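Q: would you be able to build a 3D model of this:
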Amino acid sequence: MKILYVITKSNWGGAQRHVFDLATSMKAKGHDVWVAVGGNGILTEKLEKAGIYTFSIATLGRDISPGKDAGSFREIYTIIKNKRPDILHLHSPKASGLGALAGRLLHIKTIITTVHGWTFNESRPIYERIPIIFFSWITMILSHTTILLSEAEYSQALYFPFVKHKITLIPPGIKPPIFMSVDGSKQMISKSIGMELTDFNKKVVIGTIAELHKNKGLTYLVNSMTAVVEQQPNAICIIIGDGQENINIQTLIKGINLEKNVFLVGYIDNAADYLKAFNIFALSSIKEGLPYVILEAGCASLPVVATTVGGIPEIVEDMKSGILIQSRNSRELSHALSFMIEHPEERKKYGANLKERVLTKFSMEKMIWMIEGLYGNKGIDINSK
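A: Take a look at the predicted model:
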């Protein structure tokens, strides 16, 4: 089959990781694969290293811009027209909307959209959410199939009219990373924050890997560390990632005098390889789909403190494989983190339980099998395996 993937941004987040895994897996199975992306970032670099041809669309971005969006539509239309893919698989709202319309106009037989978290679940005024809901529905109408990654978002999709027969639930799968050793990970992370390894080894390390975006709720994590440090002076927080909120988060850290306890490391390639440097993994998101990063933390046997948004409760079982808290609540987050620090045996048990759940429920092989079934239209019952 000829498969064209389209995604809005070329940074390295969960959606981009998903596209990379799909593209490389389908190429390995002998299909012809291309990927069109907005910009020319890390995803593009990784795909090209894997031998997958990419199209860079400079005007394609997350924010609405009629002029740029018209240009992006023309480029997507041209790529689809030239390649005539058997499968057009779209990811992220902007690429999905423009790509589904272009695909329909060009009579592509199989148009699939994967939703990586409904945009209308973001914290927005109602006058912005209404058109987002409308265009989300139109994208589902234009697509032949819409894949939801979590049961929570699948349930939301059922409220839309005329699309029930077009939606399916396929949780993401993960191939466990090859983690660096605990000592090697600690050495690398301690060096990145300018701390002596002997001092770093005395710390309880709370860590996260996230794009520095408002959706990740990182200001709540930073604020929670004030109370955590008061009770646990040896606690530090490591934030790996980059993004548009970088300066705001740096300013917040300085404003509450946590420069010695909260560290912005920036982007690290293959950051999950260093998860063993953490004692606790935290995800303070206010909007999520089903985050890869928690699956990776589970593979590393890390206990998790995370918010009850999107599909997170489908991965983390509260007080069994982690602690779930309400979003936008720094006080609740600080209590959960302090509990984790004070109960090392519970941490160990939670981490083991989470690893077992991730490896059992979220396998890469099952995800690829289900999606290839959609591609091939082989009549596979995706709920049978």
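
Q: how many neighbours does residue 193 have?
A: 13 (other Cβ atoms under 10 Å). Any C-beta I mention is one placed from the backbone N, CA and C, and that applies to glycine too.

Q: the one 3 residues further on too?
A: Other residues lying near residue 196 total 10 when counted by other Cβ under 10 Å.

Q: again with the one 10 residues further on
A: Residues contacting residue 206 under the criterion other Cβ under 10 Å number 26.

Q: alpha carbons of the helix or strand hosting it, in CSV - could you do that?
A: Assessed by DSSP states H and E, residue 206 sits inside strand 204-209. C-alpha atoms of strand 204-209 as CSV (Å, rounded to 0.1, in the frame of the first residue of the first chain):
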residue,chain,number,x,y,z
VAL,A,204,14.8,12.6,45.7
VAL,A,205,14.2,13.4,42.1
ILE,A,206,10.7,14.2,40.8
GLY,A,207,10.9,14.3,37.0
THR,A,208,8.8,15.0,34.0
ILE,A,209,9.2,15.0,30.2
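
Q: that strand - contacts with which helices or strands?
A: Applying 3 or more Cβ pairs under 8 Å, 6 or more residues apart in numbering; DSSP states H and E, we find strand 204-209 packed against helix 218-231, strand 235-240, strand 280-283, helix 292-299.

Q: residue 344: which of these is closest?
A: Shortest distance between residue 344 and the helices and strands packed on strand 204-209, using Cβ to Cβ, is found for strand 280-283: 10.2 Å.

Q: what strands line up against that closest one, and which way round?
A: strand 204-209 (parallel), strand 304-307 (parallel) (DSSP bridges).

Q: what about the strands in this structure?
A: Remark: strands assigned in the chain by DSSP state E are 2-7, 32-38, 53-57, 87-91, 110-115, 145-148, 167-169, 204-209, 235-240, 262-266, 280-283, 304-307, 322-325.

Q: distance to residue 333 and mean pLDDT added to those, as a markdown table?
A: Formatted as a markdown table, the strands of the chain follow (distance: least, Cβ to Cβ, whole Å; pLDDT from 0 to 100):
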| stretch | distance to residue 333 | mean pLDDT |
| --- | --- | --- |
| strand 2-7 | 31 | 98 |
| strand 32-38 | 33 | 97 |
| strand 53-57 | 38 | 97 |
| strand 87-91 | 30 | 98 |
| strand 110-115 | 27 | 98 |
| strand 145-148 | 27 | 98 |
| strand 167-169 | 29 | 97 |
| strand 204-209 | 10 | 98 |
| strand 235-240 | 11 | 98 |
| strand 262-266 | 13 | 97 |
| strand 280-283 | 7 | 98 |
| strand 304-307 | 7 | 98 |
| strand 322-325 | 6 | 98 |
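
Q: and the strands paired with strand 280-283, which is most packed in?
A: Burial of these is given as mean neighbour count (mean count of other Cβ atoms under 10 Å); strand 304-307 ranks first at a mean of 27.

Q: low-confidence ranges in this structure?
A: For the chain, the stretches with pLDDT under 70 are 377-385.

Q: let's go with 50 and repeat that
A: For the chain, the stretches flagged by pLDDT under 50 are 378-385.

Q: quick one, domains of it?
A: 2-173+363-376, 182-361 (automatic domain parsing).

Q: measure how buried residue 118 is and give me the count.
A: Residue crowding around residue 118 was assessed by other Cβ under 10 Å; the count is 20.

Q: ok, the residue nearest to it when sequence neighbours are not counted - contacts?
A: Excluding the flanking residues, the one nearest residue 118 by Cβ to Cβ, 6 or more residues apart in numbering is residue 153, at 5.7 Å. Going by Cβ atoms under 8 Å, 6 or more residues apart in numbering, residue 153 touches 115, 117-118, 289, 310-311.

Q: 7 Å instead, please
A: For residue 153, the contacting residues are 115, 118, 289, 310-311, by Cβ atoms under 7 Å, 6 or more residues apart in numbering.

Q: go on, residue 211?
A: Residue 211 makes contact with 11, 13, 241, 243, according to Cβ under 7 Å, 6+ apart.
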